[in-house]
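Peer 1: 3D model of this:
(2 chains)
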Amino acid sequence: MKEKVITRFAPSPTGYLHLGAYRTAIFSYLYAKKHNGAFVLRIENTDRVRSTKEYEENIIESLKWLGLSYDRFYRQSEHVETHKKYLEKMIKEGNAYLSQEEAKDGSKKMKEIIRFKNPNIDISFEDEIKGKVVMNTKDLGNFVIAKNLNEPLFHLAVVVDDFEAGITHVIRGEDHTSNTPRQILIQRAIGAPTPVYAHLPLVLGPDKLKLSKRRGAQPINYYKEMGFLPDAILNGVAFIGWNPGTDQEIFTHDELVKAFDFSKVQKSPAIFNEEKLEWFNKEHIKKLSVEELKNKIFEYLPNNLKIERIIPIIAERISKWNDVKDMVTRGELDFFYKEPKYEKEKLIYKNSSLEKTASNLKESVMALEKLSEKDFTKENVKNILMKITDRLESRGELLHPVRYALSGLDKSPDPFVIAEVLGKNETLSRLQKAI
RNA sequence: GGCCCUAUCGUCUAACGGCUAGGACGUAUCCUUCUCAAGGAUAAAAUCAGAGUCCGAUUCUCUGUAGGGUCACCA
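Peer 2: Predicted structure coming up:
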C-alpha cells in the first residue's frame, strides 16, 4: 500500500509573489493531483515584522484565480505551541541549547537564543530532479533555530510543520537546496522522516538572473489584469523547465495534471519568455467557445461596439483581453459604428488616378446593389468584387479604395468582412460618399 | 572565496551511446485578398572548449571555461 502523496506550497507573505514562485506552487499541485494526493497551503509568517495580511490575501486570491485548490490551509504562526514543544524536546535531549548572545540589533543587550547542536556529519539525500546530493554540514556551525521558545525560525518551523502535516514530497525552488541538509539534521533530531525532495531549477529573467521583483518580475495580478487566461498562465508557466515529452504544447488544467512528471523537469534554470506566454494565451483563447469569447470580449468593449459580428475580427487580432481595450483606444474599431473621416487622396491606390478609382467604385456599387440584404455576405461580396478586379491591372486598385472608404484606416480587416458587418445599406452609402 | 548545481538554435526544449541533431516561440521571405490579422509554405539559427573511453559521444569520465544558487537572530 503506497503512502498518500501530500505536497505543500509554503510561501512567505512578505511581498507579491511572481511567476517563479507560482511555478513551484503549480508543480507541487500538479504532482499531488496526479497521484490523487493532497495539496497544502501553508503561509510562512514566522517573520512577524515583514509578513502582512495583504500579501497573504494576494497569495490566496492568486492561487484561486489560477485554479490551484488546496486541501488544507494554515498559517505557521498558528503552530507556535507545536514548535515550542519540539524546541523543548530538542533542548531536553541535547540536540539544541540556549545561548546567551549579544543582540544583533546593535543594542549591546544580551539575549537568549536557541541554537541547534550540529553533529557535523555528511548529509546526503536523493533529489527527484538533481539525483543524489551530498553535503557536509560542518561549515553550517551550530545554526540558530529560534529566537526564543515562542519565536521559531525558518528551518525549525519548516521541519516541524512538514512533519506534522505528513508532507511526503517537498517541492521547492533550487535556492533551498543548500537548506536541505540543515533541515534533515533537525528531522533526525526530532525523529521525523525525511520526505522526498524535488528542487526545481530557478526561473531566470531576461538578464539571466533569478527572477525577482526588483528586476521587474511581475506578480500574478499583473497577468490577470493584462487579461491573460488562468489556464494559459498555468500552461505557460508549467512549460518553464518542464516538457511533456511529446510535441503537444497546449494543455488544459486537467491535461497538465495527467501529463506532469518530475522525470521531464529540466535540471538547468530557464529564462522566462513573455512572448511565448502571449502565444500560449492566444492558443487558449482559440479554444474558447463562441459564447465565452463573446462574453469576455464584450467586457472590454464600450456599449456601442458590442456587436456580435465583430467578435471574430477582434479575436484573431488579440493575444490577451487588454489588447481589445487597446484596439478601442487606438480607434481601430470606430468605423463599425460611425462613418470614417479620411482624405480623399488616400482613396487612390498607389499610382492609380482619381477617375479610375471613382469608376471602379461606381462599378462595384452597381454590382453590389444586385445583392439582396440577406445575401450580403462576405463570400458574395468577395465574389463580386474579385470578378471586377480580374480586369484591373492590380486588385489593389479596387480593393484598396473599397476597404479605405469603408474603414478610413491604413490597416484594417479586409473589405469583405467589413462589408458584411456593416450591411448592405451602410456599405453602399459609404461607397457612394467616396464616389 | 567555500559549498552545491547546471551547460543543445536568440529563447523554451527533443534526441535506448548509432539516420541529415527534431519541435515550439521569435525573426525573415513567399502564398492566400490592397493593408492588418489569421492560416499555409520555406529559410536562417545550436550540441561551451579540450582530452579520455568506445567501431561510434549531444549522450559516459576527467579538466578547463562560463552561468546560476547559497553561505542571517529572512524565508
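
Peer 1: what distance separates the start and the end of stretch A:389-408?
Peer 2: In stretch A:389-408, first residue to last residue: 21 Å (C-alpha to C-alpha, to the nearest Å).

Peer 1: Any part of it near RNA strand B?
Peer 2: Yes. Judged by C-beta under 7 Å from any atom of the strand, stretch A:389-408 comes into contact with RNA strand B at A:Ser394, A:Arg395, A:Gly396, A:Leu399, A:His400, A:Arg403, A:Tyr404. For every residue, glycine as well, the C-beta is placed using N, CA and C.

Peer 1: Name only those of the residues you listed that count as buried.
Peer 2: Buried members of the residues of stretch A:389-408 next to RNA strand B, counted by 16 or more other C-beta atoms under 10 Å: A:Leu399, A:His400, A:Arg403, A:Tyr404.

Peer 1: farthest-separated two in the residues you listed?
Peer 2: Farthest pair in those (C-beta to C-beta) is A:Leu399 and A:Tyr404. Separation: 9.3 Å.

Peer 1: Around RNA strand B, pick out the residues from the stretch 301-435 of chain A.
Peer 2: Within the stretch 301-435 of chain A, the positions lying close to RNA strand B (C-beta under 7 Å from any atom of the strand) are A:316-317, A:349, A:378, A:382, A:386, A:394-396, A:399-400, A:403-404, A:409-417.

Peer 1: show me where pLDDT drops low in the stretch 1-150 of chain A?
Peer 2: A:1-2, A:105-106 (pLDDT under 70).

Peer 1: For it, list the residues in contact with RNA strand B, please.
Peer 2: A:10-12, A:14, A:44, A:46-47, A:50, A:76, A:101-104, A:111, A:113, A:130-131, A:133-136, A:139, A:143-144, A:147.

Peer 1: Spatially, which residue comes closest to A:Ser394, not counting chain neighbours?
Peer 2: Spatially, and ignoring its direct neighbours in sequence, A:Ser394 is nearest to A:Tyr349 (7.2 Å; C-beta to C-beta, 6 or more residues apart in numbering).

Peer 1: what's the helix ranked longest in chain A in contact with?
Peer 2: If each helix of chain A is counted by residues according to DSSP state H, the longest one is helix A:415-434. Applying C-beta atoms under 8 Å, 6 or more residues apart in numbering, the contact partners of helix A:415-434 are A:307, A:309-310, A:313, A:335-336, A:339-340, A:344, A:347, A:361, A:364-365, A:368-369, A:371-373, A:376-379, A:381-382, A:385, A:399, A:401-407, A:412.

Peer 1: Which residues belonging to stretch A:355-370 are considered buried?
Peer 2: For stretch A:355-370, a neighbour-count test (16+ other C-beta under 10 Å) marks A:Lys356, A:Thr357, A:Ala358, A:Asn360, A:Leu361, A:Ser364, A:Val365, A:Leu368 as buried.

Peer 1: Hmm, I typed the wrong one, I wanted stretch A:145-156.
Peer 2: Buried residues in stretch A:145-156, counted by 16+ other C-beta under 10 Å: A:Ile145, A:Ala146, A:Leu149, A:Glu151, A:Pro152, A:Leu153, A:Phe154, A:His155, A:Leu156.

Peer 1: Put the alpha carbons of it into PDB.
Peer 2: Taking Å, rounded to 0.1, in the frame of the first residue of the first chain, the C-alpha atoms of stretch A:145-156 are listed here in PDB:
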ATOM      1  CA  ILE A 145      16.700  27.700  15.000                       C
ATOM      2  CA  ALA A 146      14.700  30.000  17.200                       C
ATOM      3  CA  LYS A 147      14.900  33.500  18.700                       C
ATOM      4  CA  ASN A 148      13.200  32.100  21.800                       C
ATOM      5  CA  LEU A 149      10.700  29.400  22.600                       C
ATOM      6  CA  ASN A 150       7.900  31.400  21.100                       C
ATOM      7  CA  GLU A 151       9.700  32.600  18.000                       C
ATOM      8  CA  PRO A 152      10.900  29.700  16.000                       C
ATOM      9  CA  LEU A 153      12.900  30.400  12.900                       C
ATOM     10  CA  PHE A 154      12.500  29.100   9.400                       C
ATOM     11  CA  HIS A 155      14.300  25.800   9.500                       C
ATOM     12  CA  LEU A 156      12.700  24.600  12.700                       C
END
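
Peer 1: neighbouring contacts of it?
Peer 2: For stretch A:145-156, contacts defined as C-beta under 8 Å, 6+ apart pick out A:44, A:46, A:48, A:80, A:83-84, A:86-88, A:90, A:96, A:111-116, A:143-144, A:160, A:179, A:182-183, A:186.

Peer 1: centre of the chain versus that stretch, how much separation?
Peer 2: Mean-position distance between stretch A:145-156 and its chain equals 34 Å (C-alpha atoms, centre = their mean, to the nearest Å).

Peer 1: those strands in the stretch 201-350 of chain A, which residues are they?
Peer 2: Per DSSP state E, counting those that start in this stretch, the stretch 201-350 of chain A carries strands over the ranges A:203-204, A:270-271.

Peer 1: Turn those into TSV, columns for mean pLDDT and mean neighbour count.
Peer 2: Output for the strands of the stretch 201-350 of chain A, formatted as TSV (pLDDT from 0 to 100; neighbours: other C-beta atoms under 10 Å):
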stretch	mean pLDDT	mean neighbour count
strand A:203-204	91	22
strand A:270-271	92	15
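
Peer 1: Out of those strands, flag the one nearest RNA strand B.
Peer 2: strand A:270-271 (3.5 Å; C-beta to the nearest atom of the strand).
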